[in-house]
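> what shape does this take:
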Amino acid sequence: MLAALYPWLKWLHIVAMISWMVGLFYLPRLFVYHAETTSAEVRETLAVMQHKLMKVIMTPAMLVTWVSGIALIAAIGAGGLWIVLKIACVLALTAFHGICGRWRKELAAGTSTREGRFFRLMNEVPTVLLVVIVGLVIFKPFG
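Residues are numbered from 1 along each chain as shown. This is a model prediction of the structure:
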């Protein structure tokens with residue numbers, strides 16, 4: 001049954017993953033602006049944007065990415081070290097997502113002590129993980 005749905009599952013997985021990644025790229029950039037502004041009005045606007053990005057786009061996309069990914073593994077029976085490494089990287093992205101949620105709450109509450117430079121550096125984390133994940137999926141090293 002799942003094998004017959006494979007093309008649709010793959011499509012759903014890719015679309016959800018792209019949506020999640022876009023949020024993971026954009027949210028830390030919003031954190032930079034939030035950390036560097038002196039305007040209370042801008043901070044409030046950014047807090048609303050950050051909240052909606054996580055609640056409406058990122059978290060649902062993350063959940064669909066996970067569910068469709070697990071369904072794909074079940075459909076094709078993927079195995080080998082490459083899939084273990086890919087899952088480890090997706091777990092790292094999921095942890096980063098959770099950490100971003102904590103940073104968002106700190107910024108919204110005005111309790112964050114992190115500067116824009118920190119968030120600029122953190123903006124690179126999802127990029128590095130994405131490069132590794134795509135490489136693992138395309139090249140399937142380690143059998």
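> please count neighbours and contacts with C-alpha atoms only from this point.
Fine.
> can you give me the neighbour number for residue 95?
Residues lying near residue 95 (other CA atoms under 10 Å) number 12.
> what's the helix or strand for it?
helix 81-109 (DSSP states H and E).
> centre of the chain to that helix, how far?
Put simply, helix 81-109 sits 7 Å off its chain's centre (CA atoms, centre = their mean, to the nearest Å).
> same for it, what does it pack against?
helix 6-36, helix 40-52, helix 125-139 (3 or more CA pairs under 8 Å, 6 or more residues apart in numbering; DSSP states H and E).
> buried residues in the first one, which are they?
Spelled out, it's helix 6-36. Across helix 6-36, burial judged by 16 or more other CA atoms under 10 Å covers 6, 9-10, 12-14, 16-17, 19-21, 23-25, 27-35.
> got the angle for that helix vs helix 40-52?
Angle, helix 6-36 to helix 40-52, by axes from the mean of the first three to the mean of the last three CA atoms, to 10 degrees: 160 degrees.
> next one: helix 6-36 to chain centre, how far?
5 Å.
> what comes up buried for the helix holding residue 95?
Those would be 82-83, 85-87, 89-90, 93-94, 96-97, 100-101, 103-105, 107-108, for helix 81-109 by 16+ other CA under 10 Å.
> repeat that for stretch 107-116.
107-108, 116.
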